[in-house]
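Chemist: sequence unavailable; structure follows:
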């Protein structure tokens with residue numbers, strides 16, 4: 001946040017990118033350091049201005065926070081490093097200082113949301129991230145993004161307003177904004193109806209931010225028309241951060257204090273998760289634009305995360321949280337591969353990509369690897385979280401068997417829509433107009449393949465994200481009846 005206004009003043013070509021990338025890289029290094037500390041001590045707390053909580057603002061990093069920090073800062077850093085040439089193509093040079101300053105503000109907001117221990121501070125960081133997101137999404141040359149970002153602005157504002165109303169109601173009844181203090185004081189509240197209303201406002205507001213079906217209308221056009229590298233960053237982490245707040249609020253503040261709320265949580269979210277998984281997967285099968293296809297796939301993947309959480313069990317919540325990490329890896333890699341293709345193709349309709357694997361074999365190979373992880377093929381990161389989700393579902397008896405069937409059918413649908421791309425790219429005949437197309441720039445390929453190989457690495461050695469997800473789910477559920 002401190003460096004963003006300095007970036008605005010930098011008019012030397014390439015310098016705003018270099019400073020923003022160095023800042024993001026340092027943030028990623030701090031996230032790694034925090035994670036190593038968390039693995040030893042479970043949490044890190046810092047009191048802003050030495051004011052003790054709940055009177056002052058507290059930063060509180062847990063295993064869940066550390067996992068999200070790795071996703072946010074890692075996605076930002078890799079997108080900036082790999083995407084310089086793509087951003088130079090998409091963003092006019094005189095607007096780049098403003099663009100990279102806004103990028104750093106998105107990184108500020110998303111990072112702040114996951115480390116703050118104050119409910120109102122979450123709203124402040126949410127608005128910082130949202131307002132800056134509208135800028136970076138609309139910064140490209142494709143004017144079709146303007147109605148998309150306007151829809152995102154309207155729905156995002158409604159979501160943030162609902163969240164703020166809910167926080168206000170909880171504050172009215174408890175007299176505190178510190179989440180840990182709120183968790184303790186809510187036991188003393190005699191009249192719970194305002195708390196129930198708050199739970200409704202907060203859940204719906206954050207569901208809008210997280211693109212939970214059927215509140216997802218803003219996501220597909222935003223991902224489709226945003227600059228390719230912006231899509232890489234946002235697809236990897238923006239919905240996950242909203243889900244982080246939703247789960248943290250619900251499990252720590254509401255479920256342990258409202259009798260039967262875990263049943264309400266399941267009854268409300270499980271059907272929405274199932275609908276997201278099935279409907280969005282079916283819609284993706286029929287989409288003709290590559291980015292739009294992957295955007296609807298993201299709606300389905302949010303459904304997987306919610307499905308795990310709606311089981312309200314340690315195995316289910318662990319699978320859902322782990323899928324946040326694994327989906328960020330897979331979808332970030334897929335959109336990096338799309339950015340590589342976007343360097344050579346102005347239109348990303350599937351018909352335009354016929355035979356592209358012959359001209360861009362490395363880009364398409366990375367796409368295939370990430371697609372396999374998205375499907376959940378053994379040996380990839382996506383398999384680990386889907387297997388854990390199936391195992392958690394099977395503990396639910398007859399309902400679990402039905403959920404497993406839905407997971408398997410949706411995975412088959414993922415095979416269909418990923419195969420549509422692969423079939424055209426590898427077995428189609430390139431049009432005459434594209435036969436001179438060459439491979440993407442080497443630096444973009446290096447970044448894309450780093451992300452692709454991470455899908456394999458965390459599919460074979462998943463200990464770190466599994467440990468963080470397991471500790472996060474245990475801490476969220478430890479106070480439940």
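Modeler: Happy to help now that I have it. Small disclaimer: the values here were computed from a predicted structure and weren't measured. Numbering: from 1, shown residues only.
Chemist: mind listing the strands for this structure?
Modeler: In order along the chain, the chain carries the following strands (DSSP state E): 43-47, 58-62.
Chemist: so which of those strands comes closest to residue 216?
Modeler: strand 58-62 (27.9 Å; CB to CB). In this view, the C-beta of every residue, glycine as well, is placed from N, C-alpha and C.
Chemist: gap between the closest residue to residue 144 other than its chain neighbours and residue 218?
Modeler: Of all residues not flanking residue 144 in the chain, residue 225 sits nearest, at 4.7 Å (CB to CB, 6 or more residues apart in numbering). Taking CB to CB, to the nearest Å as the measure, residue 225 and residue 218 are separated by 12 Å.
Chemist: any common contacting residues for the two?
Modeler: Here residue 225 and residue 218 share the contacting residues residue 148, scored by CB atoms under 8 Å, 6 or more residues apart in numbering.
Chemist: so who does residue 389 touch?
Modeler: Contact criterion CB under 8 Å, 6+ apart gives 304, 307-308, 316, 319-320, 323, 407 as the residues in contact with residue 389.
Chemist: what residue ranges in this protein score low on pLDDT?
Modeler: Counting by pLDDT under 70, the chain has low-confidence residues at 256-261, 432-436, 479-481.
Chemist: count the neighbours of residue 391 for me.
Modeler: Residues near residue 391, counting by other CB atoms under 10 Å, number 15.
Chemist: the residue nearest to it when sequence neighbours are not counted: how many residues sit nearby?
Modeler: Here the nearest residue to residue 391 in space, its sequence neighbours aside, is residue 315; by CB to CB, 6+ apart that works out to 6.3 Å. For residue 315, the neighbour count with other CB under 10 Å is 18.
Chemist: ok, the closest residue to residue 245 other than its chain neighbours to residue 127 distance?
Modeler: Counting by CB to CB, 6+ apart, the nearest residue to residue 245 once its immediate chain neighbours are dropped is residue 206, at 5.5 Å. Computed as CB to CB, the residue 206 to residue 127 distance reads 14 Å.
Chemist: picking that back up, can you give me every residue that contacts the residue nearest to residue 245?
Modeler: Remark: with contacts taken as CB under 8 Å, 6+ apart, residue 206 is in contact with 159, 163, 242-243, 245-246, 249.
Chemist: so what's the spatially most central residue of the chain up against?
Modeler: Within the chain, the residue whose C-alpha comes closest to the C-alpha centroid is residue 237; the distance, by CA atoms, centre = their mean, is 2.7 Å. With CB under 8 Å, 6+ apart as the criterion, the residues that contact residue 237 are 68, 71-72, 75-76, 110, 328.
Chemist: from those, which ones fall inside helices?
Modeler: Assignment to helices by DSSP state H places the following of those there: 68, 71-72, 75-76, 110, 328.
Chemist: what's the ChimeraX syntax to select whichever of those residues are buried?
Modeler: To isolate the buried ones among the ones in helices among the contacts of residue 237 in ChimeraX, judged by 16 or more other CB atoms under 10 Å, type:
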select :68,71,72,75,76,110,328
